[in-house]
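Participant: Whatever this is, show me its structure:
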Amino acid sequence: MYSHFRAAPHIGAILRRAKTPRSVPRSQLSCGQAFRCTSALVLRVIRSLTTATGADVFKAHRHIFEPSLEQLAIVELSRTQNVVVSARPGSGKTATAEAIVAANAGRAVALVTYSKRLQLETARRLEDYSCDVYTFHGLAGALFKTVARNDTILRTLRREGGQPTWTGQPYEIIILDELQDCTDDLFWLTCAFISSVTHAAGGRAPRIVALGDERQAIYAFRGADSRYLSLAPSTMAGISPYPWTRLSLSKSFRLSQETSRFVNDVFLGGDKYVIGTHRGPAPLYLHVNPFKVDKLARRLVRLILKYGAERTAILAPFVRSNTALARLTNTLSRKYGIPIAVSISDDVPLDDLVIGGKVCVSTYHQFKGNERDLVIVYGVDASYFDILGRDLPDDTCPNETFVALTRAIKQLVVLHSADEKPMPFLSLDQLDTAAKFIDLSSKPMQEPDPVGRPLQLGLLLPWTCSVSDMARHVPDEQLEAIISTNIRINELELPRPRSEHIAAPEITLTDKEKMHYEAVGDINGLAVVAAFEHLKRGTLTTLDCPSTKLPSIPSAEGQRAAWYCREACAYEAQVSGYESRNIQMKDHAFDWLAPYLGVAKERLSTQFTGDQELEFEARLREEKFIVRESSQLSSQATCLRGRADIVHHHGDGDATIWEIKFVGKLSLQHATQACAYAYLWATQNGRDSPPRVMLYNVQDGEKWEITAPDGLEGFRRVVEEVLRAKYSKTGVTSTQSFLKNCARAREEKPGGGGDGGGMPMDGKSSLWSDSSSVWNMLATDQSQEDEQHHNDNAALVVKKLSAPAAYVVERAAATARPKAYYPQTVMADLSRLAFGEASSAVVFMYRFSRSMEITLRRK
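Facilitator: The predicted model follows:
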């Protein structure tokens, strides 16, 4: 229920062997701290993997876990303090998490990650260890004892003051995965979780290991901010009192040395950011006309056949409406018989069954976290900064491009459109030596523009916009605000019990021999509405079927369902431009929907009784829909177009717009589409008032009626504000504002109480917070050269702290300057004050002093 997995409490599932780096660069350590990875340290960690979990069990495994020195450093430091880990692509984040869990046998450890897929993969890997693995939303369910399947529910819990209560085991270590993708709401949830665990442990805070990579932060459009990772010591000040250390996992077990050199030298200005671990072919840099698909396909087919379709991916900044990419994939399918899986719904995760055994065609964002032997990357040219990256500085490689370039295990292929200039920041002098340049175009490569063009912020509307795409990638938080301000949603019919949901398959087996599957969820929705239209009107405008084709519809119910699905598949290929699925399913029976279609038609029929005039797929359009910019001083226009599923015409000239869905759950995106259709229908028909608006989900029977208190103007505002939110770039908030927002989220009082986010308001928790502030002051202040600045900082912090902790600060500051010291005494004082027991403090300090040296020194 809570998306939570409990791993078995014994060792197993040993990590794959990994080549170990010889040292941890001193530059990876923060706050002037020096860490020595000695043979004694290695023995201690390996010993913890054996004696702590049972040598007999450990010896029974064929492969022994050999963590790298970088991983050993993280493992050992996690025993006594907090760690921020910058993990390069393919550097073994999950392996590091497993190392931490294995080395802390007997201690309660939790790992929190973002997606269900990552949770399942991590849980499988850690199934033989004592570790709990959560998604963030599953964690919210455990904290608030309710199902929190999405951010909307999470925000409701936060807004309504839900009281978090942790009834599970009090964790000693919490691993936060992919923290560069954290949002404000997820950060609030994280703080509530850590504080609640601290409360459950009687005031003992867990240690935190924050994993991620700032260069792989690509979800800013969802509200994510990589500073939750990079500034973790500041953002989490007060909820975990231990000192922080920054470490890196620089070696990539995915990338070859040739690929890492290419990325570092050509795209990162020579920064040795990622280190490849194996030899491979030189990356290919293709200067091409992407619309000359035959020439391009001939070049790529040789590579695809060499590495295998199942080990190949083609990535692009966007897939929908990408004509050049569609033509290539169609050619690969039609002419060469290469199996292709195109993910057009770029806002849902990739399905392993669907992409298995085929070339995976997806966006950069969708493929994050995946890898294949051969990766072909579209859009690596200056055009990226025209639209998608217009708010990004052009002197730095965009994170999205970096993610795409670091997915290849063996062969990387980069496509540069000959009509576009190179990316301005590219080191072209390194291109010839780091890659194999292949010119498939008749045009010479253009010179890049100089770097430094101004950021293009504000609104930029496309020439045309489809209603179905209008709300895609607009954060739910913004949609909630727009909806709540302008319209009202009345839930006329609640979702039926799960046993009554129409659970039609969303994927189907299409090749038993090769075990190929295809996604068919979109086909289901089209086929259901088409079948209902044919039942009511005897037409099939839903599928653009001419009347001459209608006599060929079979009379038998099962065969008729298959016919609808086959036509829906062909229709979708025509609309999207991607024909691969239709080609690959040409011999399929299309029989998966037959058992469900009758129930779906009957359920839909109950919404339309009597003799009614129904118009299906009503084409709606406004040539110049005006969107005012945020300043209200100027505006832009776009052609807004769409097709309403059903328009129910009443005898009095009024009408009802019906938006029909066949999905697991209705969403605010669906509501905004219905609003747009209502507005377009009214204006197109010269009406001053809007039609009635219904949103109906056939799958679970849920039904919404949407009204606008301000009439047609309310619907227009919804459309305008959604378009403005989707197509505006606002830039990055200042670090000062970001930290203020973090402090506000950290200090929120869930449930309206005064417990500071779940942490008990007693002397212990206060001193935990104080000691964290003490440590952060000392750790950051050591880099300042001005003696007066140091004294002022110390005095400021001492003034704000409680008296016992203030005494410790003064003692620490006096001891720390000007010589290096081992702060056992200072930390022991803090530990005694926090734990309230000298013996606990001694144990704490023993582990602390054994694991690391801390040098507080001036530059």
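
Participant: What is the least confident helix or strand in the protein?
Facilitator: helix 55-59 (a mean of 34; mean pLDDT, DSSP states H and E).

Participant: quick one: residue 208 is in a strand?
Facilitator: Yes - assessed by DSSP: H, G, I helix; E, B strand; the rest coil, residue 208 belongs to a strand.

Participant: What about it, how many residues nearby?
Facilitator: 24 (other Cβ atoms under 10 Å). All C-beta spots, glycine's among them, are computed from the backbone N, C-alpha and C.

Participant: Name the residues linked to the closest residue to it other than its chain neighbours by a beta bridge.
Facilitator: Closest residue in space to residue 208, ignoring its immediate chain neighbours: residue 82 at 4.5 Å, by Cβ to Cβ, 6 or more residues apart in numbering. Counting by DSSP bridges, residue 82 forms beta bridges with residue 244.

Participant: residue contacts, residue 82?
Facilitator: 207, 208, 209, 210, 232, 233, 236, 240, 242, 243, 244, 245 (Cβ atoms under 8 Å, 6 or more residues apart in numbering).

Participant: let's see 7 Å
Facilitator: 207, 208, 240, 242, 243, 244 (Cβ atoms under 7 Å, 6 or more residues apart in numbering).

Participant: With residue 334 instead?
Facilitator: Residue 334 neighbours (Cβ under 7 Å, 6+ apart): 579, 583.

Participant: Residue 344 versus that one, what's the distance?
Facilitator: Distance of residue 334 to residue 344, given as Cβ to Cβ, to the nearest Å: 18 Å.

Participant: in the protein, what spans have low per-residue confidence?
Facilitator: Along the chain, the parts satisfying pLDDT under 70 run over 1-65, 610-611, 749-859.

Participant: okay, now the domains of it?
Facilitator: Domain assignment for the chain, taken from automatic domain parsing, gives 4-18+26-249+736-747, 253-450, 464-496+609-729, 505-592, 763-851.

Participant: Those into CSV, with extra columns for distance to residue 601?
Facilitator: Formatted as CSV, the domains of the chain follow (distance: least, Cβ to Cβ, whole Å):
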stretch, distance to residue 601
domain 4-18+26-249+736-747, 29
domain 253-450, 25
domain 464-496+609-729, 9
domain 505-592, 5
domain 763-851, 60
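
Participant: so which of the ones you listed gets nearest residue 599?
Facilitator: domain 464-496+609-729 (9.1 Å; Cβ to Cβ).

Participant: what's the first-to-last distance across the closest one?
Facilitator: 18 Å (Cα to Cα, to the nearest Å).

Participant: next one: stretch 720-739
Facilitator: Using Cα to Cα, the two ends of stretch 720-739 sit 32 Å apart.

Participant: Mind listing what's buried along that stretch?
Facilitator: 720, 721, 722, 723, 724, 725, 726, 727, 728, 729, 738, 739 (16 or more other Cβ atoms under 10 Å).

Participant: follow-up on the earlier one: separate out the buried members of the contacts of residue 82.
Facilitator: 207, 208, 240, 242, 243, 244.

Participant: got a list of what the last one touches?
Facilitator: So that's residue 244. 81, 82, 84, 232, 233.

Participant: Same check on the second one?
Facilitator: By Cβ under 7 Å, 6+ apart, residue 208 lies in contact with 82, 174, 176, 236, 240.

Participant: for it, which residues make a bridge with it?
Facilitator: Those that pair with residue 208 in a beta bridge, by DSSP bridges, are residue 174.

Participant: ok, so what distance separates it from residue 555?
Facilitator: Distance of residue 208 to residue 555, given as Cβ to Cβ: 66 Å.

Participant: The fifth one too?
Facilitator: Plainly put, residue 243 is 76 Å away from residue 555 if you go by Cβ to Cβ.

Participant: which SS state does residue 620 fall under?
Facilitator: strand.

Participant: Is it in contact with residue 683, as I believe?
Facilitator: No - Residue 620 is beyond contact range of residue 683, at 8.8 Å (criterion: Cβ atoms under 7 Å).

Participant: Check the buried ones among the contacts of residue 82 and tell me the two furthest apart.
Facilitator: 208 and 243, at 11.3 Å, using Cβ to Cβ across the buried ones among the contacts of residue 82.

Participant: what's in contact with stretch 549-558?
Facilitator: So stretch 549-558 is contacted by 540, 560, 563, 591, 594, 598 (Cβ under 7 Å, 6+ apart).

Participant: Tell me the span between the first and last residue of that stretch.
Facilitator: First residue to last in stretch 549-558 (Cα to Cα) measures 18 Å.

Participant: got the buried residues for that stretch?
Facilitator: Under 16+ other Cβ under 10 Å, stretch 549-558 has no buried positions.

Participant: Next: stretch 431-447.
Facilitator: 431, 434, 435, 437, 440, 441, 445.

Participant: ok, now stretch 596-616?
Facilitator: Neighbour count says stretch 596-616 has 596, 597, 600, 601, 603, 604, 607, 614, 615, 616 buried, by 16+ other Cβ under 10 Å.

Participant: right, and residue 136 touches residue 186 too?
Facilitator: Yes - Residue 136 is in contact with residue 186 according to Cβ under 7 Å; the separation is 5.2 Å.

Participant: re the thing from before, can you tell me which of the buried ones among the contacts of residue 82 lies closest to residue 548?
Facilitator: Distance ranking of the buried ones among the contacts of residue 82 against residue 548, using Cβ to Cβ, places residue 208 first at 67.1 Å.

Participant: Report the beta-bridge partners for residue 342.
Facilitator: residue 361.

Participant: what's it in contact with, if anything?
Facilitator: 319, 329, 361, 578, 580.

Participant: Show only the entries of these found in helices.
Facilitator: Counted as lying in helices by DSSP state H, out of the contacts of residue 342, are 329, 580.

Participant: what about the helices in the stretch 401-550 of the chain?
Facilitator: With helices called from DSSP state H, counting those that start in this stretch, the stretch 401-550 of the chain shows them at 428-434, 467-470, 476-486, 521-537.

Participant: Out of the ones you listed, which is the most enclosed?
Facilitator: Neighbour counts (mean count of other Cβ atoms under 10 Å) averaged over each of the helices of the stretch 401-550 of the chain peak at helix 521-537, with a mean of 22.

Participant: Ends of stretch 225-233, what's the gap?
Facilitator: Stretch 225-233: ends 15 Å apart by Cα to Cα.

Participant: Only the buried residues of it, if you could.
Facilitator: In stretch 225-233, the ones that count as buried by 16+ other Cβ under 10 Å are 225, 226, 227, 228, 229, 230, 231, 232, 233.

Participant: Can I get these in CSV including distance to residue 698 and secondary structure?
Facilitator: Conversion of these to CSV gives the following (distance: Cβ to Cβ, whole Å; DSSP: H, G, I helix; E, B strand; the rest coil):
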residue, distance to residue 698, secondary structure
225, 38, coil
226, 41, coil
227, 43, helix
228, 40, helix
229, 42, helix
230, 46, helix
231, 47, coil
232, 45, helix
233, 51, helix
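
Participant: Tell me the one of these nearest residue 465?
Facilitator: residue 225 (27.6 Å).

Participant: That closest one and residue 183: what is the separation?
Facilitator: Separation of residue 225 from residue 183 (Cβ to Cβ) stands at 7 Å.

Participant: now residue 151
Facilitator: Distance from residue 151 to residue 183, by Cβ to Cβ: 8 Å.

Participant: which ones are touching residue 721?
Facilitator: residue 482.

Participant: Please identify the helix or strand for it.
Facilitator: Using DSSP states H and E, residue 721 falls within helix 712-727.

Participant: That helix relative to helix 476-486, how many degrees between them?
Facilitator: Helix 712-727 runs at 160 degrees relative to helix 476-486, counting by axes from the mean of the first three to the mean of the last three Cα atoms, to 10 degrees.
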